[in-house]
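# sequence first, predicted model second:
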Amino acid sequence: MTDDVRGWLTFDCYGTLIDWRTGMSRALSALDDSRVEELLSGYHRYEPGLQLVRPMLPYREVLRIGLAAAAQGIGRRLSDTEERVLAETMPTWPPFPETAATLQRLRQEGWRLGVLSNVDNDIIAQTLPLLGAPIDVVVTAEDVGSYKPALAHFEEFRRIADPAEGRWVHVACSWTHDVVPVEQLGTPAVFVNREGEEYDPGRVLAVTTDLVDLPGILEAHLPR
């Protein structure tokens with residue numbers, strides 16, 4: 001690592017950098033504007049099981065099967081086109097308002113950036129331009145053949161980037177999918193608690209509700 005590089009920050013993407021709730025809600029409102037929350041909660045009940053039992057399943061299929069199951073749970077049968085609405089719209093889901101400015105500032109301060117995401121390569125390729133800053137390393141579920149919280153994303157990033165000891169921090173909004181596995185690897189995490197989850201603050205470097213304070217958090221805990 002050169003002298004002008006402070007270290008590596010890796011990010012979960014959807015939910016941390018990209019506003020998945022707004023993106024999904026907009027897509028689902030086209031199916032049934034009165035049942036969006038039911039479809040959202042239903043989908044998120046099915047998704048983890050699909051990823052665990054069928055880790056080689058493309059994420060587009062996870063989205064399709066999970067949404068079809070959620071709709072069936074509220075008595076709705078979807079057409080083939082409707083089943084694919086999440087997969088087709090995912091590349092257009094908006095970033096959070098602070099994402100671009102925060103990533104740009106972090107790069108200016110010497111951080112290299114990575115994205116570790118439970119998606120297919122074609123989806124992340126269309127999302128990256130929305131982030132507003134160059135991303136140095138991307139690792140997807142398609143790359144490693146498994147879904148977080150399995151360790152493969154993190155191990156593959158470490159193999160590619162070879163971060164210096166103590167100079168890799170992971171930033172994510174999911175305790176289960178991100179904080180727990182990086183803890184196993186001894187990598188500190190910043191928990192972006194956008195959903196008001198319960199957590200143990202002693203297990204992370206810091207907790208924040210968005211990305212605005214991230215540069216200050218890093219300066220406090222990992223000074224130059």
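Received it, and whenever you're ready, just let me know what you need.
# W175: what's it in contact with?
Contact analysis of W175 by C-beta atoms under 8 Å, 6 or more residues apart in numbering lists F191, E197, Y199. The C-beta positions use only the backbone N, C-alpha and C, and glycine is treated the same way.
# equivalent analysis for V180, please.
When contacts are counted by C-beta under 8 Å, 6+ apart, V180 touches P149.
# hmm, back to that, of the contacts of W175 - the most surrounded one?
When neighbours are taken as other C-beta atoms under 10 Å, the top entry among the contacts of W175 is F191 (25 neighbours).
# what residues are up against the nearest residue to P55 once chain neighbours are set aside?
In space, not counting the residues next to it along the chain, P55 is nearest to S146; the distance is 4.4 Å by C-beta to C-beta, 6 or more residues apart in numbering. With contacts defined as C-beta under 8 Å, 6+ apart, S146 is in contact with P55, A152, H153.
# which helix in the chain runs the most residues?
helix 36-53 (DSSP state H).
# show me the contacts for the residue located most distally from the centre of the chain.
With distances taken from the mean C-alpha point of the chain and given as C-alpha atoms, centre = their mean, the most distant residue is G75, at 30.1 Å. Applying C-beta under 8 Å, 6+ apart, one finds that G75 lies in contact with no residue.
# from L39, how far off is it?
Plainly put, G75 is 12 Å away from L39 if you go by C-beta to C-beta, to the nearest Å.
# same check on P181?
From P181 across to L39, the span is 28 Å (C-beta to C-beta).
# looking at these two, which one has more neighbours?
L39 (25 against 22).
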